[in-house]
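# The sequence and its predicted three-dimensional model are supplied below.
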Amino acid sequence: MVSPGRVDTPLAAATIVRGPEDVKALASQVSMGRLGRPEEIAKTVTFLASDDARFMTGDEIFVDGGHVQV
């Protein structure tokens, strides 16, 4: 299972972010200090769908820039 964190998407911009201060506030909750990008989530999903992940079972992959560690 992939558990993405806060991701900078058009939907997020239209519904959550009302200005630069909101982006800064959301990013401050992430250890890496920024929002994720959709392609970062997509690369994780691509990896899990590849043969490189053939021996993985039942894991939860956090793609959240360290948000759950804060």
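Great, that's in hand. Numbers count the residues shown, from 1 in each chain.
# Doesn't Arg3 lie inside a strand?
Arg isn't right for residue 3; it's Ser. Yes: counting by DSSP: H, G, I helix; E, B strand; the rest coil, Ser3 is part of a strand.
# residues making contact with the lengthiest helix in the chain?
Scanning the chain for the longest helix, with DSSP state H as the assignment, gives helix 38-49. Here helix 38-49 makes contact (Cβ atoms under 8 Å, 6 or more residues apart in numbering) with 2, 4, 7-9, 53, 56, 61, 63. The way it works is simple: take the backbone N, C-alpha and C, and place the C-beta from them, glycine included.
# One more pass at 7 Å, please.
2, 4, 7, 9, 53, 61, 63 (Cβ atoms under 7 Å, 6 or more residues apart in numbering).
# next one: stretch 6-16
22, 26, 30, 35-38, 41, 67.
# Of the residues you listed, grab the buried ones for ChimeraX.
Remark: buried members of the contacts of stretch 6-16, expressed as a ChimeraX selection using 16 or more other Cβ atoms under 10 Å:
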select :26,30,35,36,41,67
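# so which pair among the contacts of stretch 6-16 is furthest apart in space?
Greatest spatial distance in these: Asp22 and Ile41, 20.4 Å, computed using Cβ to Cβ.
# Show me how far whatever helix or strand Ala25 lives in is from its chain's centre.
Ala25 belongs to helix 20-27 when assigned by DSSP states H and E. Counting by Cα atoms, centre = their mean, to the nearest Å, helix 20-27 is centred 15 Å from the centre of its parent chain.
# which secondary structure elements does it contact?
For helix 20-27, there is no helix or strand it packs on, judged by 3 or more Cβ pairs under 7 Å, 6 or more residues apart in numbering; DSSP states H and E.
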